[in-house]
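>>> Sequence and computational prediction follow.
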Amino acid sequence: MRQTFNETTDPSFGAKHLPLLRAEMAKQGLDGLLVPHEDEHQNEYLPDANERLAWVSGFTGSAGAGVVLKDKAAVFVDGRYTVQAKAQTDEALFERQPLNTLADWLTAVPSGSVIGYDPRLHSPDALATLRAAVEKAGATLRAVEANPIDLAWGAARPAQPQAPVVPHEDRYSGEDAASKRARIGKAILDAGAEVAVLTAPSSLAWLFNIRGGDVIRTPLPLGQAVVKADGTARIFLDPAKVTNQLPGWLGDAVTLEAPEALPGALDALSGRKVMIDPAVSSAWYFDRLEAAGAAIVRGMDPCALPRAQKNAVEIEGSRQAHIRDGAALTRFLHWVDTVAQKTLPDERAVVEALEGFREATGMLKDLSFDTIAGVGPNGALPHYKPVGAKIRPMEAGSLLLVDGGGQYLDGTTDVTRTMAIGEGTADQRRMFTLVLKGHIAMAVIRFPAGTSGRQLDAIARQPLWNAGFDFDHGTGHGVGSYLGVHEGPQRIAGWGTDQPLLTGMILSNEPGYYREGEWGIRIETLQVVTPPAQVPGGERPMHGFEQLTLAPLDRRLIDVALLTADERAYVDAYHAEVLAKVGPLLADGVQKDEAALEWLKAQTAPL
């Protein structure tokens, strides 16, 4: 029987699967094995066949790692998944550790032991850190030819996905693939290379204007490509995924080949200058290219920045997707404020309601991630998902935090709203308003060219900091165009990249506050970086943000007395825009909902 992974995966996996894995490790002479969450494509969300960490431990979060030794094992997760890891793993079999302690933990493995790793699953830079830690312990890190997990999993392992790869039309992409390949070819030359190896599925999707369905919640085709500086390319896809129209769509300058041809294609790059990104390509590619005698040019994936800077067609598509999504959200928020306030459904029913309203648009292709709905204490867990025994019903006097998004052909959405169940307490209103002040500050900020998200992050935190509070996640992440809801290299966080924010980049603006054991607050909208423009009376042109998300705020949680006149004006203007753009969809068409429209008029009235 094939195993399908989801959030109900249970802790018994460790007891069932660790003995099988350790037997395979012994056959290969291994005393330990590194088990990253990432797969061969360095994806955040994985097809079932690549959920190796989940198979070993039961943990199904989108970030983490594991180490299995002969006599003990450990699972490493970040703060988003601490509670989930406790629920899904057996503490008698797995130590639970913070993700950032993995290297330190490895320095204590037994001296003389041999720790295996699959070079297809680790980036070279991350692997170098782990190798140094293992060697510090007096142990050895050894690459495996066949992953012991795959061997132990055997016939029960799900098949690799074979979702059809289809064209993504120019009316959505805004630029034909030939033009993109010419641009990328020039970037390859500018980097001092002759050819680039692309391994990120999002880059394949963007460059060739194609989409797939190999990964849940993200329309990605799993594959690789070799692109020459003259714009010609070889793309490696499972033939079962190749639709009849795909060869004609790709054109004569692109050759379709089976994945089995990839190793030979890399070997054929002997003596060539090959550009490859160590942040998104695994060590296996570097090892293969070095063995072939290629001259490796390390550099950012040449598709990353062009993909992040949305063109005018993509930006307009995002606007339209958000208006459509905003109508669905308004219908949902109306439902929460009327039906749900009386019936007090549980979190699962809340999720199903929101997803139902999005499906009713008639244009939803998928969710952009699994919907988060947290009541009371569950809302204090930033990435909580309503599964299993921890599902709670709505409770009067508490808060409901809902974070969800949709995948539409013309754009990807992601929005969080926090709602009072009842009227909300003075304490809840104060904290919500502090979060709102930070959210507004980020929405209206102007900044010069060259400014990174790292420099802006504190702006959203200042109202909370001034009151002695903070939140433990970034303020914003990049978002794709009918691609990943988490997209780099742009982000707004006090740690990580110094990548400047560029015109056309879409990012979230999502400050929050989480009171453990009680409730959580987050306000999230998506916004796009606008071109630099002169500020009246100023000297330098400044970038800004255009708000894309259109969904009303819960005015019962706004303490108007804590807002400045400018902040009140911002809320009023934002709400007026929501009504002007979303209202017509509620008045007529597939999302017609007269009751929700009347409710929206009241919600968006001036403060």
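All right, it came through fine.

>>> is it true that E577 touches L550?
Yes - applying CB atoms under 8 Å, one finds E577 in contact with L550, separated by 6.8 Å. Just so you know, the C-beta spots here come from the backbone N, C-alpha and C atoms, and that holds for glycine as well.

>>> Looking at the two, which one has more neighbours?
Between E577 and L550, counted using other CB atoms under 10 Å, the more crowded position is L550 (25 against 14).

>>> Show me where the chain dips below the pLDDT cut-off.
1-10, 387-389 (pLDDT under 70).

>>> what about the most centrally placed residue in it, distance to D267?
Compute the mean C-alpha point of the chain, and by CA atoms, centre = their mean the closest residue is H486, 2.9 Å away. To D267, H486 is 34 Å away according to CB to CB, to the nearest Å.

>>> Repeat that for V571.
Separation of V571 from D267 (CB to CB): 60 Å.

>>> So which of those two has more stuff around it?
Using other CB under 10 Å as the criterion, V571 and D267 rank with V571 on top: 20 against 14.

>>> Please confirm that that one is located within a strand.
No - counting by DSSP: H, G, I helix; E, B strand; the rest coil, V571 is not found in a strand; it is helix.

>>> Without its sequence neighbours, what residue ends up closest to it?
Nearest residue to V571 in three dimensions, chain neighbours excluded: L607, at 5.8 Å (CB to CB, 6 or more residues apart in numbering).

>>> quick one, what contacts the residue nearest to the centre of the chain?
44, 477-479 (CB atoms under 8 Å, 6 or more residues apart in numbering).

>>> same thing but 7 Å
44, 477 (CB atoms under 7 Å, 6 or more residues apart in numbering).

>>> quick one: V109 and A139 touch, right?
Yes - using CB atoms under 7 Å, V109 is in contact with A139, at 5.1 Å.

>>> contact partners of stretch 38-47?
Contacts for stretch 38-47 (CB under 7 Å, 6+ apart): 50, 62, 120-121, 123, 160-161, 199-201, 214-218, 222, 280, 282, 486.

>>> Would you mark the buried spots in that stretch?
Judged by neighbour count using 16 or more other CB atoms under 10 Å, the buried positions of stretch 38-47 are 38-47.

>>> repeat for stretch 16-27
17-18, 20-22, 24-25.

>>> would you turn those residues into TSV with secondary structure and distance to A312?
Formatted as TSV, those follow (DSSP: H, G, I helix; E, B strand; the rest coil; distance: CB to CB, whole Å):
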residue	secondary structure	distance to A312
H17	helix	50
L18	helix	53
L20	helix	54
L21	helix	51
R22	helix	56
E24	helix	53
M25	helix	54
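
>>> who touches V415 in this structure?
Neighbouring residues of V415 by CB under 7 Å, 6+ apart: 329, 405, 524-525, 549, 551.

>>> Can you tell me how far it is from E257?
The value you get for V415 to E257, if CB to CB is used, is 40 Å.

>>> Looking at the buried residues of stretch 16-27, which is nearest L93?
Nearest to L93 among those: L18, at 6.3 Å, using CB to CB.

>>> That closest one and A92: what is the separation?
Noted for L18: a distance of 11 Å to A92, by CB to CB.

>>> Please apply the same query to G544.
Distance of G544 to A92, computed by CB to CB: 54 Å.

>>> So those two - more neighbours on which side?
Per other CB under 10 Å, whichever of G544 and A92 has more neighbours is G544, with 17 against 8.

>>> farthest residue from the center of this protein?
Note on the chain: the largest C-alpha distance from the chain mean falls to G537, namely 39.7 Å (CA atoms, centre = their mean).

>>> Now do the SS call for that residue.
Here G537 is recorded as coil under three-state DSSP.

>>> Can you list phi and psi of it for me?
Dihedral angles of G537 (phi, psi; degrees, to the nearest 10) stand at phi 80, psi -10.

>>> before we move on, the earlier item: list the residues that are in contact with both of V109 and A139.
Listed as contacting both V109 and A139 by CB under 7 Å, 6+ apart are I115.

>>> that older thread, now, the buried residues of stretch 38-47 that are in strands?
Among the buried residues of stretch 38-47, no member falls in strands (DSSP state E).

>>> Tell me the one among those nearest to I115.
E38 (17.3 Å).

>>> From S282, how far out is that closest one?
Remark: distance between E38 and S282 (CB to CB) = 8 Å.

>>> Could you tell me which residues touch both of these two?
L121.

>>> my guess is T525 meets Q547, correct?
Yes - using CB under 7 Å, T525 is in contact with Q547, at 5.7 Å.

>>> for the residue nearest to V571, what are its contacts?
558, 560, 568, 571-572.

>>> Of these, which is the nearest to T232?
Of all the contacts of L607, T232 sits closest to V571, with 52.7 Å by CB to CB.

>>> Relative to L222, how far out is the closest one?
43 Å.

>>> before we move on, what about S179?
25 Å.

>>> which of those two has more neighbours?
Per other CB under 10 Å, whichever of S179 and L222 has more neighbours is L222, with 26 against 14.

>>> my read: that one touches P201, true?
Yes - contact criterion CB under 7 Å: L222 and P201 qualify, at 5.5 Å.

>>> My guess is Q162 contacts K241. True?
Yes - the criterion here is CB under 7 Å, and Q162 meets it with K241 at 5.3 Å.

>>> who's more crowded, those two?
A side-by-side neighbour count of Q162 and K241, using other CB under 10 Å, places K241 first with 20 against 16.

>>> Let me see the contact set for the more buried one.
162-165, 212, 221.

>>> how much space is there between D301 and A128?
In this view, D301 and A128 are 19 Å apart by CB to CB.

>>> the more surrounded of the two?
D301 (26 against 13).

>>> for the stretch 201-350 of the chain, what spans make up the helices?
Residue ranges of the helices in the stretch 201-350 of the chain, as given by DSSP state H, counting those that start in this stretch, are 201-207, 246-250, 262-267, 283-292, 304-308, 312-335, 341-343, 347-359.

>>> returning to what we had before: so for T525 and Q547, which residue has more residues nearby?
Between T525 and Q547, T525 has the larger neighbour count (other CB under 10 Å), namely 26 against 18.
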